[in-house]
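Asker: Have a look at this prediction, sequence included:
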Amino acid sequence: MSVTGRVREKLMIALRPTRLDVINESELHAGHRNSPGTGESHFRILVVSDAFSGKSRLERHRLVNDLLKDELAGGIHALALSTLAPGEALPKA
């Protein structure tokens, strides 16, 4: 399974999101220093989940980072997170 697929699957199972966008931005970083060149190293993720209700942004990010610890240790070089509870405003593009 691809890194993108594993990320999506883990977040879907653990967080049961109402919205999940996993965007592979690796092509934007091709050739950059420290980029592993795998084509699956830089991701932007938007998660809307009840699991984030009542949690700070730091707690939300720690939760996602813990869920993806194997991927972060084994190939993901950069992860941009937007973690929202239902009803919170989506980030501007």
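Answerer: On my side now, so go ahead.
Asker: Quick check: buried residues in the lowest-mean-pLDDT helix or strand in the chain?
Answerer: Lowest mean confidence among the helices and strands of the chain (mean pLDDT, DSSP states H and E): helix 69-73, at a mean of 90. The neighbour-count criterion (16 or more other CB atoms under 10 Å) identifies 71, 72 as the buried residues of helix 69-73. For the C-beta atoms, the positions are set from N, CA and C on the backbone; glycine is no exception.
Asker: Can you tell me what sits against the biggest helix by length in the chain?
Answerer: Ranked by residue count, the top helix of the chain under DSSP state H comes out as helix 3-15. Contact with helix 3-15 is made by 1, 17, 20, 22, 24, 38, 40, 43, 45, 47, 49, 51-52, 63-64, 67-68, 71, 75-76, as judged by CB atoms under 8 Å, 6 or more residues apart in numbering.
Asker: list the contacts for residue 2?
Answerer: residue 40.
Asker: And the strands in the protein?
Answerer: Secondary structure of the chain (DSSP state E): strands located at 19-24, 42-48, 78-84.
Asker: Quickly compare these and say which is most buried.
Answerer: Counting by mean count of other CB atoms under 10 Å, strand 42-48 has the highest mean neighbour count of these, with a mean of 20.
Asker: averaged over its residues, what pLDDT does it have?
Answerer: The pLDDT scores in strand 42-48 average 93.
Asker: Any regions of this protein where pLDDT drops low?
Answerer: Scanning the chain for pLDDT under 70 picks out the ranges 27-39, 93.
Asker: let's see it at 90
Answerer: Applying pLDDT under 90 to the chain flags the ranges 1-3, 25-42, 71-78, 89-93.
Asker: CSV for the strands of the chain, including distance to residue 11?
Answerer: What follows is the strands of the chain, written out as CSV (distance: least, CB to CB, whole Å):
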stretch, distance to residue 11
strand 19-24, 6
strand 42-48, 6
strand 78-84, 10
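Asker: Thanks a lot, catch you later.
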